[in-house]
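Student: Mind looking at a prediction? Sequence and model below.
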Amino acid sequence: MSDGRGNVRLMTTAGTAAAGSVLSGKFKFHFRAKGAKDWQDLGEYDASSETGITPRAIDADSDSIYVLKPLNGREALYRVKLDGTGDETLVAQNQAVDIDDVVRFGHGQRVIGYTYATEQRHTVYFDPEFKKLSDSLGKALPSQPLVYFAGSSADGDKLLLFAGGDTIPGGYYLFDRKARSLNELALARPELEGKPLAVVRPISYPAADGTQIPAYLTLPPGKEAKGLPAVVLPHGGPSARDEWGFDWLAQFLAARGYAVIQPNYRGSAGYGEDWQSDNGFKNWRLAIGDINAAARYLASSGTADAKRIAIVGWSYGGYAALQSVAIDPGLYKSAVAIAPVTDLTLLKQDARNFGKSMLVREYIGSGENVVAGSPLRQADKIKVPVLLVHGDLDTNVSISHSDKMASALTQAEYVRFKGLDHYLNDSAARVEMLTKMGALLDRTIGH
């Protein structure tokens with residue numbers, strides 16, 4: 001990692017096992033003082049226990065590095081001097097969620113704040129000028145509260161900003177600090193300009209054990225939250241989380257008349273180590289239980305028609321969709337799984353020729369839990385129509401997962417895209433995927 005001004009100040013070395021061919025999950029960080037050539041120890045990170053430091057940014061002005069490390073079960077932000085003294089200062093912590101990043105206003109510019117996400121994303125600024133600027137932009141763009149500093153000119157006088165919200169996909173703006181002028185440069189999704197989009201509302205609902213699960217509820221524009229067809233949309237990862245803002249997939253579903261709930265189930269990141277638990281694969285029963293509780297909440301609250309609920313997911317979300325309809329028959333009328341993991345043993349085998357193989361094995365676990373937690377092994381229990389979508393160049397989740405699942409299911413439509421990876425970043429492919437998804441949902445739960 002450099003300081004953004006041409007000086008490499010941080011080096012990472014990855015620990016290995018098995019005669020040096022496999023990553024052990026232990027990473028050491030080394031720094032060098034300003035103007036020096038020799039490396040000194042800074043700290044380390046252990047992926048298996050998720051302990052240690054995570055470097056985020058080097059600030060040349062203060063000759064320090066900002067790192068995240070656990071404090072009272074949450075990620076906290078520290079500033080460590082790079083002068084060899086090891087002086088460390090606690091910058092920020094939050095009792096409810098992790099501090100997750102720092103903010104700088106351009107490449108090589110100083111660090112001006114930090115971020116965390118509760119129901120919405122928040123930025124706390126150290127710098128009074130940028131705090132005032134952020135407040136002013138909030139007033140100038142009241143419907144676009146998510147404002148990010150995306151870049152700057154070399155002298156820092158001109159800033160590239162991105163601003164958006166839940167019903168506005170957002171756009172890029174140029175702010176001139178000297179002239180105090182703000183000009184729109186480009187919209188992120190100009191085709192949606194002027195179209196009614198759905199409001200996203202933070203909610204929580206009870207899991208089977210009574211734990212309140214944070215989630216986001218998106219209702220079709222102009223529709224009352226009563227007796228709607230609905231879609232449960234679990235995020236991927238599983239060590240990730242959904243956030244408030246524009247989500248193209250949730251908006252597509254809402255535009256077709258569906259209520260959409262996006263649960264941050266236990267196994268999600270951002271809420272501390274206890275919430276993330278062992279992860280959504282090792283502790284799949286807890287994660288899938290929380291996801292299915294979202295469907296029951298929609299029905300019990302009257303928001304959804306209990307007989308018209310489907311589940312849609314991508315990556316781990318696709319795994320969750322398949323596992324949910326396997327272990328909880330009758331809850332959903334159909335499922336869509338995009339680039340899904342379908343067999344946990346196969347997922348470990350996919351990594352066997354790579355340096356990450358030991359890390360993947362430890363992450364997934366072993367034993368009967370792996371068999372019971374694999375949708376492919378429960379395919380005979382899946383009685384609802386399923387749409388599988390996968391790209392044949394997917395290096396995150398091998399396409400063999402969907403190939404095997406499609407062969408094992410009796411009611412499966414399989415869209416196999418040639419030349420695309422895990423993210424299906426192709427307009428024609430996404431149009432085809434959404435068209436087929438819409439047709440399945442219309443047929444099974446209406447709109």
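Tutor: That came in fine, so what should we check first?
Student: excluding its backbone neighbours, what's nearest V371?
Tutor: In space, V371 comes closest to R377 once its chain neighbours are excluded; the distance is 5.5 Å by C-beta to C-beta, 6 or more residues apart in numbering. In short, each C-beta sits where N, CA and C put it, glycine included.
Student: sec struct for that neighbour, please.
Tutor: Here R377 is recorded as helix under DSSP: H, G, I helix; E, B strand; the rest coil.
Student: is it true that it touches L346?
Tutor: No. Judged on C-beta atoms under 8 Å, R377 makes no contact with L346 at a distance of 10.3 Å.
Student: in the stretch 301-447 of the chain, which spans are helices?
Tutor: Using DSSP state H, counting those that start in this stretch, the helices of the stretch 301-447 of the chain run over residues 316-327, 344-350, 357-364, 368-372, 400-408, 427-445.
Student: Report the distance from the second one to the chain centre.
Tutor: Looking back up the chat, that one is helix 344-350. Remark: helix 344-350 is offset 22 Å from the chain centroid, using C-alpha atoms, centre = their mean, to the nearest Å.
Student: How about the last one?
Tutor: On the basis of C-alpha atoms, centre = their mean, the separation between the geometric centre of helix 427-445 and that of its chain is 23 Å.
Student: same question, the first one
Tutor: Centroid separation for helix 316-327 versus its chain: 18 Å, with C-alpha atoms, centre = their mean.
Student: Also stretch 27-36?
Tutor: From the chain centre to the centre of stretch 27-36 is a distance of 31 Å (C-alpha atoms, centre = their mean).
Student: And the helix or strand of the chain with the lowest mean pLDDT, what's buried?
Tutor: Least confident helix or strand of the chain, by mean pLDDT, DSSP states H and E, is helix 128-140 with a mean of 85. By neighbour count with 16 or more other C-beta atoms under 10 Å, helix 128-140 contains the buried residues 130, 133-134, 137.
Student: which of these sit farthest apart?
Tutor: F130 and L137 (10.0 Å; C-beta to C-beta).
Student: hmm, back to that, can you give me the distance of the residue nearest to V371 to N369?
Tutor: R377 is 12 Å from N369, where distance means C-beta to C-beta, to the nearest Å.
Student: Over to V260?
Tutor: Using C-beta to C-beta, one obtains 30 Å as the distance from V260 to N369.
Student: More neighbours: these two, which one.
Tutor: A direct count of neighbours by other C-beta atoms under 10 Å for V260 and N369 places V260 higher, at 25 against 16.
Student: Pick out whichever of the buried residues of helix 128-140 sits closest to V103.
Tutor: Nearest to V103 among the buried residues of helix 128-140, counting by C-beta to C-beta, is F130 at 8.2 Å.
Student: On the three-state scheme, the residue lying closest to P196 once chain neighbours are set aside is what?
Tutor: Distances taken as C-beta to C-beta, 6+ apart place P221 nearest to P196, at 4.4 Å, with adjacent residues excluded. Assigned by three-state DSSP, the conformation of P221 is coil.
Student: Test my guess that P221 contacts G257.
Tutor: No. If you go by C-beta under 8 Å, P221 and G257 don't touch, sitting 9.6 Å apart.
Student: Pick out whichever of the two has more residues nearby.
Tutor: G257 (18 against 15).
Student: List the contacts of the closest residue to that one other than its chain neighbours.
Tutor: Spatial nearest neighbour of G257, chain neighbours left out: H447 (3.9 Å); criterion: C-beta to C-beta, 6+ apart. By C-beta atoms under 8 Å, 6 or more residues apart in numbering, H447 lies in contact with 229, 256-258, 441.
Student: And H447, what's its pLDDT?
Tutor: Per-residue confidence (pLDDT) for H447: 75.
Student: Can you verify L42 is assigned to a helix?
Tutor: No. L42 is assigned strand when assessed by three-state DSSP, not a helix.
Student: What pLDDT does the model give it?
Tutor: For L42, the pLDDT comes out at 96.
Student: and of the buried residues of helix 128-140, the nearest to F27?
Tutor: Among these, and counting by C-beta to C-beta, the member closest to F27 is F130, at 31.9 Å.
Student: measure that closest one to A154 for me?
Tutor: Distance from F130 to A154, by C-beta to C-beta: 18 Å.
Student: again with T118
Tutor: Distance from T118 to A154, counting by C-beta to C-beta: 35 Å.
Student: Would you mind telling me which of these two has the busier surroundings?
Tutor: A count of neighbours by other C-beta under 10 Å puts T118 above the other of T118 and A154, at 15 against 10.
Student: how about that one, what does it touch?
Tutor: By C-beta under 8 Å, 6+ apart, the contact set of T118 is 94, 96-97.
Student: and those as TSV, adding distance to P196?
Tutor: Listed next are the contacts of T118 as TSV, based on distance: C-beta to C-beta, whole Å:
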residue	distance to P196
N94	35
A96	33
V97	31
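Student: Does K69 touch I53 like I think?
Tutor: Yes. K69 is in contact with I53 according to C-beta under 8 Å; the separation is 4.6 Å.
Student: Touching both of these two, which residues are there?
Tutor: Common neighbours of K69 and I53 (C-beta under 8 Å, 6+ apart) are 43, 78.
Student: Return the residues in contact with T51.
Tutor: By C-beta under 8 Å, 6+ apart, the contact set of T51 is 45, 69-70.
Student: beta partners of it?
Tutor: D46 (DSSP bridges).
Student: Can you tell me how far it is from D290?
Tutor: Between T51 and D290 the computed distance is 25 Å (C-beta to C-beta).
Student: cool, and F281?
Tutor: From F281 across to D290, the span is 14 Å (C-beta to C-beta).
Student: Could you do Y216 as well?
Tutor: For Y216, the distance to D290 equals 14 Å [C-beta to C-beta].
Student: Share the number of residues neighbouring K37, please.
Tutor: Using other C-beta under 10 Å, K37 is surrounded by 6 other residues.
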